[in-house]
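Participant: I would like to see how this sequence folds:
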Amino acid sequence: MEPAWITASRVVLVAGKGGVGSSTVAAALALVAARDGRDVLLVAVDGKPGLGPLLGGSALTGTEQVLRREPGGGRVRARSITPQQAFADYLDLKGFGSILRRAASAASLDVVAASTPGMEHLLVLGKIKELERTRAADLIIVDAPPAGHAAPFLRSASALQEVVSSGPVRQQADEVAAMLADPARAQALLVTLPEETPVNELIELAYDVEEDLGLALAPLVLNACWADRTALALTAAVAAKRSGTTLTAADRAALQGTNSFGAARLAVQREQFERLDAQLPLPRIRLPRLPAPRLLPHHLEMLADALVAQPEVSA
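Facilitator: Prediction:
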């Protein structure tokens, strides 16, 4: 059964520093919702075609495809949305004919984008807003750009509201800003690793998103967390003695090195948990570290199971 936070809005924007696994979390979230019978549309906006193969389909394009069907009737559909696609769709919405639309979209997007910073982001968010407005799916999950680009992406509407006073661009900015500020329509799911730099970027992005944009925050997702291992505090010699095992000097040295590495990683992880307690006291979900060179479908199932766990409350 889905936790309440997943059903709180019709759009979930998933973001985090590059490399923290936000795309994987977006795919796992889509799987969770589909398992519960929901029709899910998964959208990639930053040229990430790998979401398709992760869910058993082909690389994502602007053409929608069905990636998964679940026994309860739920499914995961997916597509990419580029500024070019969004601009062509916008012209179509405004009644341009197909030939004129293709000519206009090819010729003018670069000019519009160069003269109006943030316009490309606004076009993509505008397309997502239209999908949400027309109820194109029960849940729309957006795999947003990495943290360094996520803030400009999400800020594009408010930024253009400051410089454009009227016309279709202002109307689009107002409509996107209204969607982002409505917790029943949109929320942000922020993802990090329990490491210093990703946590720094997460904290900065969280304040940008919630305070400046009014975008509701789902529980934080801490990805690739190490499991607690209290035995790592023991020396290799003591651990061997307790288990009745005799170690060679080489084995003891190797085991001690492994223990020291594991203990150091857990210490870093605990430090980052404490920083989040102090600076960003929000509910959070821990996803396990999966020691696999490449994620396979059963790994995604494991992450989906972990996502439905009851969020931890900061100390």
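Participant: Quick check, Arg289 in contact with Asp228.
Facilitator: No. Applying Cβ atoms under 8 Å, one finds Arg289 not in contact with Asp228, separated by 11.8 Å. (Each C-beta comes from the backbone N, C-alpha and C, glycine too.)
Participant: Please say which of the two ends up with more neighbours.
Facilitator: Arg289 (15 against 10; other Cβ atoms under 10 Å).
Participant: Pull up the gap between that one and Pro198, please.
Facilitator: 14 Å (Cβ to Cβ, to the nearest Å).
Participant: Same check on Ala181?
Facilitator: Applying Cβ to Cβ to Ala181 and Pro198 gives a distance of 27 Å.
Participant: Name the residue in the two with the higher neighbour count.
Facilitator: Pro198 (22 against 15).
Participant: Surely the more buried one and Lys17 touch.
Facilitator: Yes. Using Cβ under 8 Å, Pro198 is in contact with Lys17, at 4.6 Å.
Participant: And Ile99, what's its pLDDT?
Facilitator: With respect to pLDDT, Ile99 scores 44.
Participant: Counting neighbours, what do you get for Gly50?
Facilitator: Neighbour number of Gly50 under other Cβ under 10 Å is 15.
Participant: ok, now Arg170?
Facilitator: Neighbours around Arg170, by other Cβ under 10 Å: 14.
Participant: buried sites along the strand or helix carrying it?
Facilitator: Assessed by DSSP states H and E, Arg170 sits inside helix 168-181. By neighbour count on 16 or more other Cβ atoms under 10 Å, the buried set for helix 168-181 is 169, 172-173, 175-177, 179-180.
Participant: excluding its backbone neighbours, what's nearest Ala78?
Facilitator: Leu42 (4.1 Å; Cβ to Cβ, 6 or more residues apart in numbering).
Participant: What pLDDT is listed against the one you found?
Facilitator: So, for Leu42, pLDDT stands at 97.
Participant: Enumerate every residue touching it.
Facilitator: Listed by Cβ atoms under 8 Å, 6 or more residues apart in numbering, the contact set of Leu42 reads 26-27, 30, 51, 55, 67, 76-79, 141, 143.
Participant: Just the C-alphas of the helix or strand hosting it, formatted as CSV.
Facilitator: Applying DSSP H and E as the criterion places Leu42 in strand 39-44. Output of strand 39-44 as CSV, limited to C-alpha atoms (Å, rounded to 0.1, in the frame of the first residue of the first chain):
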residue,chain,number,x,y,z
ASP,A,39,-1.6,4.9,-14.1
VAL,A,40,1.9,6.5,-13.9
LEU,A,41,3.6,8.7,-16.4
LEU,A,42,7.3,8.9,-16.0
VAL,A,43,8.9,11.9,-17.6
ALA,A,44,12.6,12.5,-18.3
